[in-house]
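> Okay, structure incoming, though there's no sequence with it:
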C-alpha cells in the first residue's frame with residue numbers, strides 16, 4: 001500500500017530493555033527506564049533525518065503510525081518533534097497523563113483508534129504499575145486542545161474497522177473546529193474491539209486516507 005500511495009515506509013523497533021520489552025513504551029515512563037542512556041525519541045527523529053538525506057521526502061508529509069507501545073511512542077514523537085511530524089495514528093495507545101510532559105511546538109493532527117473491550121491498554125485509561133495513562137477520549141481531547149481545536153466533537157459517522165464484528169462496528173468523533181493550521185484530532189471507537197482487532201480489509205486504506213488529508217500547512 002505504501003508503494004501504491006507513493007510513501008516511503010520505514011519500520012523501526014524500540015530498544016529492547018533488560019526485561020525484553022521496548023524501552024520506549026509507554027511515553028509516560030522514562031525512555032531510559034533501565035539506566036542505559038537510551039533515547040528512542042531522538043533516535044527515531046534521527047531516522048527521519050537520515051531518510052531525508054538519502055531520498056526525496058516531502059517535509060510536510062512525515063507521519064508516525066503505531067500499535068500499542070508503538071501508539072504510545074507515536075504520541076511521544078508528536079510531543080517531542082512536532083516541528084517534524086505532520087500527523088500520527090495510534091491504535092490502542094495513549095498520550096501522557098501529565099500535560100507538563102507534552103509541550104508540542106506546533107500542531108500535529110492525531111487519530112486515536114481504540115476498542116472498548118481492550119484489556120491491555122484500557123479504553124477508559126489505566127496504569128502500568130505506578131504510572132497512569134489517559135483513556136482514548138481523554139487522549140484525543142488533550143490533543144484537540146494542543147491543536148487549538150474546540151473540544152466539542154462533531155459526529156464523524158459510522159465505520160467498519162473490525163472484520164469479526166458484523167456491520168458498522170465503529171464511531172468516529174472529529175475535532176476540527178477552530179484548530180490552528182495543521183491541527184486536527186479524531187477518535188475512532190471500535191465497540192467491542194479488543195487490543196489486537198481483526199482489522200477490516202480496507203482498514204489500511206482508511207488510515208492512509210487520514211494521513212494524506214493532514215499534511216503540515
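It's in. All values reported here derive from a predicted model rather than from experimental measurement.

> hang on, residue 186 in a helix?
No: using DSSP: H, G, I helix; E, B strand; the rest coil, the assignment for residue 186 is strand, not a helix.

> Can you give me the neighbour number for it?
23 (other Cβ atoms under 10 Å). The way it works is simple: take the backbone N, C-alpha and C, and place the C-beta from them, glycine included.

> Kindly state the beta-bridge partners for it.
Beta-bridge partners recorded for residue 186 (DSSP bridges): residue 111, residue 174.

> which other helices and strands contact the helix or strand that contains residue 209?
Residue 209 belongs to helix 203-212 when assigned by DSSP states H and E. Other helices and strands packing on helix 203-212, by 3 or more Cβ pairs under 8 Å, 6 or more residues apart in numbering; DSSP states H and E, are strand 63-67, strand 87-91, strand 109-115.

> Quick one: mean pLDDT over it.
When pLDDT is averaged along helix 203-212, the result is 97.

> same check, this time on stretch 120-127
95.

> Could you work out the end-to-end span of that stretch for me?
10 Å (Cα to Cα, to the nearest Å).

> and that stretch, how far from the chain's centre?
15 Å (Cα atoms, centre = their mean, to the nearest Å).

> And that stretch, what's buried?
121, 122, 123, 125 (16 or more other Cβ atoms under 10 Å).

> got CSV for these, with secondary structure too?
Shown next, in CSV, are the buried residues of stretch 120-127 (three-state DSSP):
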residue, secondary structure
121, coil
122, coil
123, coil
125, strand
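
> Out of these, which is nearest to residue 189?
Using Cβ to Cβ, residue 123 comes nearest to residue 189 of the buried residues of stretch 120-127, at 7.6 Å.

> how many other residues sit next to the nearest residue to the closest one once chain neighbours are set aside?
Among residues not flanking residue 123 along the chain, residue 116 sits closest, at 4.9 Å (Cβ to Cβ, 6 or more residues apart in numbering). Number of residues near residue 116 (other Cβ under 10 Å) recorded here: 15.

> Cool, thanks, signing off.
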